[in-house]
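A.B. asks: requesting a structural model of the entry that follows:
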Amino acid sequence: MPTYEFLCKKCGKHFALSLSLAEHEKGKYHCPKCKSSSVEQQISTFQTKTSRKS
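C.D. replies: Now for the predicted structure:
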């Protein structure tokens, strides 16, 4: 599952969530600290794993 990074607009907490694509499309995320639904997705890096050697 992909990991998405968020920023809470209410309390300023940065947090990450592992969500399936279906869960991410629903857009129902909450801050783990203050439970606010006013969160903004942040741009983050990603990493992939393949079975081939580089």
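
A.B. asks: how about low-confidence regions in the protein?
C.D. replies: 47-48, 53-54 (pLDDT under 70).

A.B. asks: which residues in it form strands?
C.D. replies: For the chain, applying DSSP state E gives strands covering 3-8, 14-18, 39-41.

A.B. asks: of the ones you listed, which is nearest Cys31?
C.D. replies: Nearest to Cys31, of all the strands of the chain, is strand 3-8, at 3.8 Å by C-beta to C-beta. Where you see a C-beta, it was placed from the backbone N, CA and C, and this is true even at glycine.

A.B. asks: list the neighbouring strands of that closest one plus their orientation.
C.D. replies: strand 14-18 (antiparallel), strand 39-41 (antiparallel) (DSSP bridges).

A.B. asks: and those as JSON lines, adding distance to Leu7?
C.D. replies: Compiled in JSON lines, the strands paired with strand 3-8 are given as follows (distance: least, C-beta to C-beta, whole Å):
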{"stretch": "strand 14-18", "distance to Leu7": "6"}
{"stretch": "strand 39-41", "distance to Leu7": "5"}
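
A.B. asks: that older thread, dump the strands of the chain to JSON lines, plus mean neighbour count and distance to Lys26.
C.D. replies: Compiled in JSON lines, these are given as follows (neighbours: other C-beta atoms under 10 Å; distance: least, C-beta to C-beta, whole Å):
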{"stretch": "strand 3-8", "mean neighbour count": "16", "distance to Lys26": "12"}
{"stretch": "strand 14-18", "mean neighbour count": "13", "distance to Lys26": "12"}
{"stretch": "strand 39-41", "mean neighbour count": "14", "distance to Lys26": "13"}
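
A.B. asks: so which of those is nearest Pro32?
C.D. replies: Closest among those, using C-beta to C-beta: strand 14-18, at 5.7 Å.

A.B. asks: and that closest one, C-alpha only, in CSV?
C.D. replies: Below are the C-alpha coordinates for strand 14-18, written out as CSV (Å, rounded to 0.1, in the frame of the first residue of the first chain):
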residue,chain,number,x,y,z
HIS,A,14,2.6,16.3,10.0
PHE,A,15,1.6,12.6,9.7
ALA,A,16,1.7,9.7,7.2
LEU,A,17,-1.0,7.1,6.4
SER,A,18,-0.7,3.9,4.5
